[in-house]
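K.L.:
Provided below for reference: sequence and predicted model.
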Amino acid sequence: MMQELSAKPQFQQFVAGQVDKWRSDGLPLTPELLDLLRKMILGRDWQGLDRFPGWSMQTLDLSVSGVKRIAASKFPEKRRAISQYLDIGSYDLDHDGSVDLAPSAAENAQPAAEAGLQTQMGAGIVMGDGADPSRWPMHAESQRMAEILNRISLNGQQGLAAGALRVNVVTGAAMQTAGSPTELVRALVATGHTVEVDDKRYFANFGHLHFNGRDVVMPFWIDTRVWVPGTFHSFRVPVAHAELEMRVNGPSVNAVLAFYFGDDGKAEFRTTDLLNQAWVMDRTTHRYRGADAERAVALMGKEVATYSRAHLAHPELPIGGYYTLGVCQDSVAVVEEELTGDVTLFPLTAEPEMFAAQDEVTAILRKLPSDRGSRRPGLRRVLGTIPAERAEDVSLPEMRSDMLRVQTAWEFEKKFGRHRAEWWFSPPLLLVEALVMTLCFAWILWVKLTRRRPR
């Protein structure tokens, strides 16, 4: 896209003006990175731009600290009501109420309009992805279910909701009533519904751009500081997106929801019915059914309340606390840790001390590994977050070879331990190997040159 746009005469002037605007607006890039970005674009270094910025976790920590300082200096403290923070629709937080989930409600739901999903940016650029034809017909039901789950997650939560919402699941002559996410799952199952939860991994797409009808590949690269065996560079991976996908199918409700803590600062149930671009891929790491699905939904509901309290306690945090309170991986890792006793996600950035409430979610967050300022995360978590188990299946060709080498190092690490793996596959050892080979070659050459020839 950049290569084709750069052929336009006004492109360079636009880039120069935009970089100056970013600098004055306090874009979270150091002056050096801003200059590097400008040189890459104006110098048409498209290969370098493809791997920009390639931040380490230490650099991200510094950048977030800078954003916090800018936000504190430019914006006064503002408190938002929970109803503005969470997507709860028209379900009142201050008064008791009830809602019916019945077949008639689904039948009378109006199909959602697709207009507004995409925005024309000019020059052939379109922002936003279109509707997924297999899921969009359920959008109204999914949206309603997400709002209900977000609302009942606050029932009985002092300081968050004064009233309570009751949900009546009606199927024929049977009716089940629920007042919490756990009870709702049980009510759905009792009325003939199936409820499943998938742990999904993708490459994060922060741009959602299309150019002249083609998807624009826009990964945000992280430098893991894991050395790639046989090279002198470290393993860079695109930031991944993780979410918990909840599917409900039955006589009264058919919906598909996602749950995660997003860069909009919200930890909530959401709709997930837009088309993903092919390069982000799709990997299901865990599938929770039965009692595990019920427990997963219960934890998601508790996260809604925990993050809501943290949001109210720290209104000064930019982006709703994203990164400081965690990223999407943290909210998914809470469920993975509790249900599997393991965590296969990277990066994890939540600062548990920012969660004042001593509840179950906070206790789990304290058990999670942290990547804030870390030099080298575990290879298992780095590879576990990538939405492909095999290197040859990765959609980005520039990382396939590196991933294959790192997977080999991981097998070595599992067999011999992390520290030996770090030594065997690190640049210092490669330098030693090169030096030894050079000395051996020099010795052989010296012997050949100084050996006496027979008379």
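P.N.:
Done, it's in.

K.L.:
pLDDT weak spots in the stretch 351-455 of the chain?
P.N.:
Flagging of the stretch 351-455 of the chain using pLDDT under 70 yields the residue ranges 375, 415-434, 451-455.

K.L.:
would you list every one of the helices in it?
P.N.:
Secondary structure of the stretch 351-455 of the chain by DSSP state H, counting those that start in this stretch: the helices cover 360-367, 379-385, 397-416, 418-424, 427-450.

K.L.:
do the stretch 51-200 of the chain as well
P.N.:
57-74, 82-85, 103-108, 139-152, 181-190.

K.L.:
ditto for the stretch 201-350 of the chain
P.N.:
Counting by DSSP H, counting those that start in this stretch, the helices of the stretch 201-350 of the chain are 290-313, 328-340.

K.L.:
okay, now the closest residue to Met145 other than its chain neighbours: neighbour count?
P.N.:
In this structure, Met145 finds its nearest non-sequential neighbour in Ala255, 4.4 Å apart by Cβ to Cβ, 6 or more residues apart in numbering. Placement of C-beta: from N, CA and C, glycine included. Ala255 sits with 27 neighbouring residues when counted by other Cβ atoms under 10 Å.

K.L.:
enumerate the beta-bridge partners assigned to Ala255.
P.N.:
Val248 (DSSP bridges).

K.L.:
before we move on, what about the one 5 residues further on?
P.N.:
Going by DSSP bridges, Tyr260 is paired in beta bridges with Glu268.

K.L.:
isn't it up against Glu243?
P.N.:
Yes. In this structure, Tyr260 is within contact of Glu243 by Cβ atoms under 8 Å, at 4.1 Å.

K.L.:
quickly list what's touching both of these two.
P.N.:
Both Tyr260 and Glu243 are contacted by Cys328, Val332, under the criterion Cβ atoms under 8 Å, 6 or more residues apart in numbering.

K.L.:
point to the helix or strand of the protein where mean pLDDT is at its lowest.
P.N.:
Among the helices and strands of the chain, helix 418-424 carries the lowest confidence by mean pLDDT, DSSP states H and E, at a mean of 51.

K.L.:
show me the protein divided up by domain.
P.N.:
Domain segmentation of the chain under automatic domain parsing yields 2-74, 82-413, 415-450.

K.L.:
any chance of CSV for the helices of the stretch 51-200 of the chain, columns mean pLDDT, mean neighbour count and distance to Gly97?
P.N.:
Shown next, in CSV, are these (pLDDT from 0 to 100; neighbours: other Cβ atoms under 10 Å; distance: least, Cβ to Cβ, whole Å):
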stretch, mean pLDDT, mean neighbour count, distance to Gly97
helix 57-74, 73, 15, 36
helix 82-85, 82, 16, 14
helix 103-108, 58, 12, 15
helix 139-152, 96, 24, 9
helix 181-190, 97, 21, 15
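
K.L.:
okay, those in TSV with distance to Ala442 next?
P.N.:
Shown next, in TSV, are the helices of the stretch 51-200 of the chain (distance: least, Cβ to Cβ, whole Å):
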stretch	distance to Ala442
helix 57-74	40
helix 82-85	68
helix 103-108	80
helix 139-152	70
helix 181-190	71
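
K.L.:
for Tyr260 and Glu243, indicate the residue with more neighbours.
P.N.:
More neighbours surround Tyr260 than the other of Tyr260 and Glu243, with 26 against 22 (other Cβ under 10 Å).

K.L.:
quick one: contacts for that one?
P.N.:
Residues near Tyr260 by Cβ under 8 Å, 6+ apart: His241, Ala242, Glu243, Leu244, Ala267, Arg270, Cys328, Ser331, Val332.

K.L.:
excluding chain neighbours, what is closest to the first one?
P.N.:
Taking Cβ to Cβ, 6+ apart, and ignoring the residues beside it in sequence, His241 has Ala204 as its nearest neighbour in space, at 4.0 Å.

K.L.:
tell me where the stretch 101-250 of the chain has strands.
P.N.:
Here the stretch 101-250 of the chain has its strands, by DSSP state E, counting those that start in this stretch, at 119-122, 125-127, 165-171, 174-178, 194-203, 209-211, 214-215, 221-227, 234-238, 240-249.

K.L.:
ok, back up a step: quick one: closest of the helices of the stretch 201-350 of the chain to Asp35.
P.N.:
helix 328-340 (30.9 Å; Cβ to Cβ).

K.L.:
just the CA trace of the closest one, in PDB.
P.N.:
Extracted C-alpha coordinates of helix 328-340, given in PDB (Å, rounded to 0.1, in the frame of the first residue of the first chain):
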ATOM      1  CA  CYS A 328      -6.400  -9.200  26.000                       C
ATOM      2  CA  GLN A 329      -4.000 -12.100  26.900                       C
ATOM      3  CA  ASP A 330      -4.300 -11.300  30.600                       C
ATOM      4  CA  SER A 331      -8.000 -11.600  30.700                       C
ATOM      5  CA  VAL A 332      -7.900 -14.900  28.800                       C
ATOM      6  CA  ALA A 333      -5.000 -16.200  30.900                       C
ATOM      7  CA  VAL A 334      -7.100 -15.900  34.000                       C
ATOM      8  CA  VAL A 335      -9.500 -18.600  32.700                       C
ATOM      9  CA  GLU A 336      -6.600 -20.700  31.200                       C
ATOM     10  CA  GLU A 337      -4.700 -20.700  34.500                       C
ATOM     11  CA  GLU A 338      -7.800 -21.600  36.500                       C
ATOM     12  CA  LEU A 339      -9.100 -24.400  34.200                       C
ATOM     13  CA  THR A 340      -5.800 -25.900  33.000                       C
END
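
K.L.:
just give me the residue closest to the centre of this structure.
P.N.:
Nearest residue to the geometric centre of the chain (Cα atoms, centre = their mean): His241, 2.7 Å.

K.L.:
any idea of the pLDDT on it?
P.N.:
Here, the pLDDT recorded for His241 equals 96.

K.L.:
wait, it sits on Val332?
P.N.:
No. His241 lies out of contact with Val332 (Cβ under 8 Å); the separation is 9.6 Å.

K.L.:
quick revisit: what's near enough to touch the residue nearest to Met145?
P.N.:
For Ala255, the contact set (Cβ under 8 Å, 6+ apart) comprises Met138, Glu141, Ser142, Arg144, Met145, Ala146, Met246, Arg247, Val248.

K.L.:
pick out the most distant pair among these.
P.N.:
Pairwise distances among these were taken by Cβ to Cβ; the largest, 15.3 Å, belongs to Arg144 and Arg247.
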